[in-house]
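Colleague: Mind folding the following:
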Amino acid sequence: MKKLVLGIFLLAVIVAVVYLQVTRDSERQEDAFRKGYRTGADSVVSSQPDYDSLAELIGKERQALAEYRTAMADSLVYLDTVHRHTIDSLERRIDAQRADLSRLKQKAQAGKTAPGMNKSARPAGETGARHEEILNYYRRAMAHLPSDLSAYEYQVAVTEVRTETATKFSISVDRLNEIRKQHHVDF
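Modeller: Got it, this is the predicted structure:
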């Protein structure tokens, strides 16, 4: 019976020790949980200003992006308008040159049918002084072209200056080119 009492006593001691260990572990876990919860709450509170500043920065970036998109859309509309204007201008220039070409063809046909007309003779008005007047006008017009033109814009501007010069002096662009070559004007 002593052994039985001693066995029960040891069993009670073991149960009491296990109970105390479980209780201590439970209290430690609970303390650790509370401590972790407090640390997390403190972390949230301390990082709230950073979050707020990031949210504000994101808002500013979104606004800047919206303004950039608006500016790009306006720029594209402007470039489209300029492109359309250029195309319309070129179409008018082509129509004018076609009209000049047909007028010159009619003049040439009329000149071929006129008796006694010397084909190599030039009209009396196109003398050396007239050539100088034409070339001076052409040089001044070329000198007034802006220096910041792209290659394409420069080419279009030169064509316009040549056409304008030819129209002003009632000659063809081909005749203007001949005069330029005769006087070594290469631009």
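
Colleague: for residue 137, what are its contacts?
Modeller: 165, 168-169 (CB atoms under 8 Å, 6 or more residues apart in numbering). Where C-beta positions appear, they are placed from N, C-alpha and C, glycine not excepted.

Colleague: can you do 6 Å?
Modeller: By CB atoms under 6 Å, 6 or more residues apart in numbering, the residues touching residue 137 are residue 165.

Colleague: Kindly provide the distance from the residue with the largest distance to the centre of the chain to residue 8.
Modeller: Distance to the chain centre peaks in the chain at residue 1, reaching 101.8 Å (criterion: CA atoms, centre = their mean). Counting by CB to CB, to the nearest Å, the gap from residue 1 to residue 8 is 10 Å.

Colleague: Mind telling me what element residue 17 is part of?
Modeller: Residue 17 belongs to helix 2-113 when elements are defined using DSSP states H and E.

Colleague: I'd like the mean pLDDT over the next helix or strand after that helix, please.
Modeller: The element immediately downstream of helix 2-113 (helix or strand, assigned by DSSP H and E) is helix 128-143. Confidence over helix 128-143, taken as the mean pLDDT, stands at 88.

Colleague: Run the chain-centre distance for helix 128-143.
Modeller: From the chain centre to the centre of helix 128-143 is a distance of 39 Å (CA atoms, centre = their mean, to the nearest Å).

Colleague: Ok, stretch 66-85 next?
Modeller: On the basis of CA atoms, centre = their mean, the separation between the geometric centre of stretch 66-85 and that of its chain is 9 Å.

Colleague: Ok, stretch 24-42 next?
Modeller: Distance of stretch 24-42 from the chain centroid (CA atoms, centre = their mean) equals 58 Å.

Colleague: I'd like the numbering to begin with 31 instead of 1 from here.
Modeller: Sure, I'll start counting at 31 from here, so that last one is stretch 54-72.

Colleague: Residue 164: how many residues sit nearby?
Modeller: Using other CB atoms under 10 Å, residue 164 is surrounded by 22 other residues.

Colleague: And for residue 92?
Modeller: Other residues within reach of residue 92, judged by other CB under 10 Å, total 10.

Colleague: and the gap between it and residue 195?
Modeller: Separation of residue 92 from residue 195 (CB to CB): 55 Å.

Colleague: swap in residue 37?
Modeller: The spacing between residue 37 and residue 195, counted by CB to CB, is 128 Å.

Colleague: Neighbour count: those two, which is higher?
Modeller: The residue with more neighbours, out of residue 37 and residue 195, is residue 195; 22 against 10, by other CB under 10 Å.

Colleague: right, and the more buried one touches residue 169 too?
Modeller: No: assessed by CB atoms under 6 Å, residue 195 is found out of contact with residue 169, at 9.8 Å.
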